[in-house]
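S.K.: no sequence on this one, just coordinates:
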């Protein structure tokens, strides 16, 4: 017997047990120690001006990011991950790989837009993130940091362990840093029946439920932050759900399928975006970030589309004097269309929208729509020929009642029909409650989808691509939210996705005066909006008074941007208000550059825009139900030049509690550096043009 061995058998067993325990302990401790050693490892990238920074690390094996501005937290440490159908949760036991970095700086030109040139300057970080367990599945994070904010997304590379990717939920969080006080939020509910068509709520961030994006926050220190997404392609849109306090998490729009997103790797998710501004005007300026995160244009030639103002067979339906369907009240008759074409030609409108011309109105789920068959009282051949002779275009209309499947089946026929009649723009519509979009599978079975689920994201991309092939621009109503895809598909010229002017006719309540100064710093961060302003009669259904002034309806043409701007009222009403019509005839719709001169969310906004390829500037201002006097600093004008200012403003005794039609039209001479003082009555506004005075 070995003299070093224990003599008692129980002693030998005790030593063996102790050795086994120590071995197990060491075996577990070594990976844990290695994991803890990796926790402090972080990757960081900052904006070109070094003020905004994005950091990535892991906490207990969970990938975590944060965003700072001037060294102070904007987004406190926030986690992310995915629930993968049939593959569990991708979030725990993750280690960060070696980072790669890049920088980019260029300026690109829009074919149309709020500004002709867009500066695109950022620093980029790309980090592979690998699970230490399972099949070591890898997802890459790509972050781009601009001076005005951050965009980050997830890239699923091709890998055997994760090829057919079915996402039940994305777990990206946004943990708002409070900066020592209450954070306010402006938001509309996500996932509710009326899609995006709600009045914005102003609440503490801690009282938000589930919200659509963009959602805008204002901290106690004045910093403005907006959360949205960019380049929404073949993926479900997200709603933002508050988890606790001021911590939010993405919630993908539902699908008829067991999963919310299904993709084949490799692919990238949309960008998750955080816009940052010192005040409301700076936040609006930050929205170029959304465009920059989209791919360049896939349309080589957009010369066939010109931004313009239009009129249309539309407001009469909302007044309930006309109907979309055929019958004694039918609005889309040949005679009405010819009359509108005459008015457009006489007053310089580029096109006439005709709604309700085609067969099928109104059927449950749009099952009877025929997109290339006109009602008997509408002669499209005669209307199209007459419009061509008068130098006016027809804007087509495709209402689907949410039956996207039927529309896709008829899409080529419908677009070819319009192209043969010289129609280069179409307003599409998907009027159906949320979750009531009808799709059709290859086997003929029907499924119900949300307006912002993956199926409809694909649908809108299909419509854009096929419309571009026919040289047709799209104005989508009841759409999926804008995420900057107009850069990739510039024929996606405008869309709805918010409460428009039709709510002034019959909405309960009608849009209040704070609506548009809220939209500018919320919905308008995402892109153009077909508000359909110009209701100069200030009257809705059954004589209902609109809570607006005449001057404010003019201001909306400048404040709320769209490359297609409707003069939405009836032609006979414009004859009653020639000064208002004169402004609408003159105001441009395409811009060289845009500046938000002043504003507070939901209170007031003053916007200046320079005509594209011109020297004249146009300024619009709107206020809420408070009377305000604004001193406009004209320091943005070229030094040494004089300008003739033509002003349309609220008159004495005006405002929504006074004479809503009181409006003064006047001219003044101003110079760069002057301060132009204008008063907006309650619920009112002003509009003005600045044209250079030529030296004699």
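M.R.: Received the coordinates, thanks. Note that this is a predicted model, so its numbers are computed, not measured.
S.K.: just the strands in the stretch 351-500 of the chain please.
M.R.: Applying DSSP state E, counting those that start in this stretch to the stretch 351-500 of the chain gives strands spanning 351-354, 393-399, 425-429, 437-440, 446-449, 473-476, 492-495.
S.K.: Next: the stretch 551-696 of the chain.
M.R.: 564-566, 591-600, 604-611, 617-623, 628-633, 642-650, 663-671, 675-680, 685-692.
S.K.: how about these, which one is nearest residue 153?
M.R.: strand 591-600 (27.1 Å; Cβ to Cβ). All C-beta atoms are positioned from the backbone trio N, CA, C, and that covers glycine.
S.K.: Check the spacing between the residue most central in space within the chain and residue 230 real quick.
M.R.: Taking Cα atoms, centre = their mean, the centroid of the chain lies closest to residue 526, which sits 2.8 Å from it. Between residue 526 and residue 230 the computed distance is 9 Å (Cβ to Cβ, to the nearest Å).
S.K.: With residue 396 instead?
M.R.: Using Cβ to Cβ, residue 396 is found at 29 Å from residue 230.
S.K.: Any figure for the gap between residue 195 and residue 295?
M.R.: Residue 195 is 26 Å from residue 295, by Cβ to Cβ.
S.K.: Compare the two (neighbour count), which wins?
M.R.: Shown here are residue 195 and residue 295; by other Cβ atoms under 10 Å, residue 195 has more neighbours (26 against 12).
S.K.: Now the more buried one: which helix or strand?
M.R.: Of the helices and strands defined by DSSP states H and E, none includes residue 195.
S.K.: Confirm for me that it is in contact with residue 456.
M.R.: No - using Cβ atoms under 8 Å, residue 195 is not in contact with residue 456; the gap is 10.8 Å.
S.K.: shared neighbours, those two?
M.R.: Residues touching both residue 195 and residue 456 (Cβ atoms under 8 Å, 6 or more residues apart in numbering): none.
S.K.: Show me the shaky parts of the protein.
M.R.: 1-41, 695-696 (pLDDT under 70).
S.K.: Between residue 396 and residue 230, point out the one with more neighbours.
M.R.: residue 396 (27 against 24).
S.K.: what about the more buried one, distance to residue 654?
M.R.: Using Cβ to Cβ, residue 396 is found at 39 Å from residue 654.
S.K.: now swap in residue 239 and tell me
M.R.: Distance from residue 239 to residue 654, by Cβ to Cβ: 40 Å.
S.K.: Give the burial count for residue 98, as a bare number.
M.R.: 8.
S.K.: which element is the closest residue to residue 214 other than its chain neighbours on?
M.R.: Nearest non-adjacent residue to residue 214, counting by Cβ to Cβ, 6 or more residues apart in numbering: residue 228, 4.0 Å away. Per DSSP H and E: residue 228 is located in strand 224-230.
S.K.: Tell me who's in contact with the spatially closest residue to residue 574 that is not a sequence neighbour.
M.R.: The spatial neighbour of residue 574 that comes closest, neighbours along the chain excluded (Cβ to Cβ, 6+ apart), is residue 581 at 4.5 Å. Listed by Cβ under 8 Å, 6+ apart, the contact partners of residue 581 are 347, 536, 574, 575.
S.K.: for the stretch 351-500 of the chain, what spans make up the helices?
M.R.: Counting by DSSP state H, counting those that start in this stretch, the stretch 351-500 of the chain has helices at residues 380-389, 404-420, 454-469.
S.K.: relative to strand 425-429, how tilted is the last one?
M.R.: Spelled out, that is helix 454-469. Per axes from the mean of the first three to the mean of the last three Cα atoms, to 10 degrees, the angle that helix 454-469 makes with strand 425-429 is 160 degrees.
S.K.: Contacts made by helix 454-469 with the rest, please.
M.R.: So helix 454-469 is in contact with 232-237, 253, 255-256, 260-262, 298-299, 404, 407-408, 411-412, 415, 426, 428, 430, 437, 439, 447, 449-450, 473-474, 476, 479-480, 485, 489, 491-492, going by Cβ under 8 Å, 6+ apart.
S.K.: hang on, the earlier thing: of the helices of the stretch 351-500 of the chain, flag the one that's most buried.
M.R.: Highest mean neighbour count of the helices of the stretch 351-500 of the chain: helix 454-469, a mean of 20 (counted as mean count of other Cβ atoms under 10 Å).
S.K.: how many degrees apart are that helix and strand 393-399 in direction?
M.R.: 160 degrees.
S.K.: For the residue nearest to residue 574, give its distance to residue 575.
M.R.: 8 Å.
S.K.: which one's the longest strand in this protein?
M.R.: Secondary structure of the chain per DSSP state E: the longest strand is strand 117-131.
S.K.: Buried ones in it, by neighbour count?
M.R.: 118, 120, 121, 122, 123, 124, 125, 126, 127, 128, 129, 131 (16 or more other Cβ atoms under 10 Å).
S.K.: List the beta-bridge partners for the third one.
M.R.: Beta-bridge pairing of residue 121, defined through DSSP bridges, involves residue 105.
S.K.: Would you check that it makes contact with residue 147?
M.R.: Yes - using Cβ under 8 Å as the test, residue 121 is close enough to residue 147 to be in contact (7.1 Å).
S.K.: returning to what we had before: can you tell me which of the buried residues of strand 117-131 is closest to residue 184?
M.R.: Nearest to residue 184 among the buried residues of strand 117-131 is residue 122, at 28.4 Å by Cβ to Cβ.
S.K.: which residues touch residue 690?
M.R.: Contacts of residue 690 by Cβ under 8 Å, 6+ apart are 616, 617, 618, 619, 634, 637, 643, 644, 645, 670.
S.K.: Now residue 454. Nearest residue, chain neighbours left out?
M.R.: Nearest non-adjacent residue to residue 454 (Cβ to Cβ, 6+ apart): residue 236, at 4.6 Å.
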